[in-house]
Each structure stands twice: as structure tokens, then as C-alpha cells.
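1. Give me a model of this one.
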Amino acid sequence: MIKVDGGTALNMDPHRVQAIEKGDLQVWVIKGTGGWTHPVHIHFEEGILLSRGGKAPPAWEKWGKKDMYRIGPENDSTGIIEFAYRSRDFLGQYVQHCHNTMHEDHAMLLRWDASKTGATLIDTPMPTFDGVSFEPALPLTGGVNSNIKAIDGDGIGPNTNAPN
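-> Numbers count the residues shown, from 1 in each chain. Below you'll find the model as predicted:
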């Protein structure tokens, strides 16, 4: 399950979206709990690690572009990370999820959309053996392209309180 902005922990719902506008630099915070290691994977985009547990990342991890971030009690890891992220040229629907197989199999993932500034949410494709239909998408909290301030528990999302 994923908890965003201190809300209720939720399983994946492909209709629920945290939209990210193209080109907006955001600082995201991911915090893991429960004693597990969470290798969180962000599909199709990369970021730069800013801190692990409030400290500068180790030299081998500093300034490298990443699309998977390890959170947890393992060596060279911490329970909370902060990274800079900017959506770029590729607009559309994506997911972020935990690569821990048990978590991944239980839908520990979150949908996000990269869109042009001011765009409406993209409808949710619902595939079947007979083809694909589309259903309305819903913002995770607030309005379309709303900002989510922080992450609690096993969660993913932007920290809008971070410096620009």
C-alpha cells in the first residue's frame, strides 16, 4: 500500500493520478517503513539523489541519474531519501512501484501523468481481451495537477516544501 501526504494507505487504482506538469522541477521524498527494503522504481524518467536520511548521498551515488531508489535498513541505504526530478520530453501515463516482488505483486504502485502545463488528466485505459476502453481519471488529492506536500509510510510523491 502507498500513503501519500499523510492520507490513508491505498492499494493501486489506475484511475487515481498525481499529475506532474512538463518541465516542473520537483523535490520528492520517499520514506519506507516496516523494516523492509523498498527498491522504488520510477518508470521512464530519472532523477538525482539529494540526500539519504538527511545527509549528502555517498560519492558513488551523488549526481548519477537514477530511476530506482533503494529505501530501507540495508547497507548504504536509509529509511528516507530526497531526490530532484523533472519530467521531460515524454508525456503520458506512468507508474512508480516497489520492486520488492511481494510488494509489486500486491499493487504497491502509484500512477503519475506527465502533461503539458494546464492540461486535463488523461483518461484511464482499461484493457480487456476484446480491446481497450477508457474511463475518467481522478486526481489523487485536490484538483488536477495539485501539489502533494509530503510522504508518510510506504509512499511516493513530491515534497513541495523543498527549496526551488
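2. Next secondary structure element downstream of the lowest-mean-pLDDT helix or strand in the chain?
-> Least confident helix or strand of the chain, by mean pLDDT, DSSP states H and E, is helix 101-105 with a mean of 67. Downstream of helix 101-105, the next assigned helix or strand under DSSP states H and E is strand 109-115.
3. and that next one, what other elements does it pack with?
-> Contacts defined by 3 or more CB pairs under 8 Å, 6 or more residues apart in numbering; DSSP states H and E place strand 109-115 against strand 16-21, strand 92-98. For glycine as for every other residue, the C-beta is placed from the backbone atoms N, C-alpha and C.
4. if you average pLDDT over it, what comes out?
-> Throughout strand 109-115, pLDDT has a mean value of 81.
5. Same question for stretch 28-44.
-> Across stretch 28-44, pLDDT averages out at 81.
6. residues near D113, how many?
-> 23 (other CB atoms under 10 Å).
7. Hmm, it is touching G92, no?
-> Yes. Contact status for D113 versus G92: in contact at 7.0 Å, counting by CB atoms under 8 Å.
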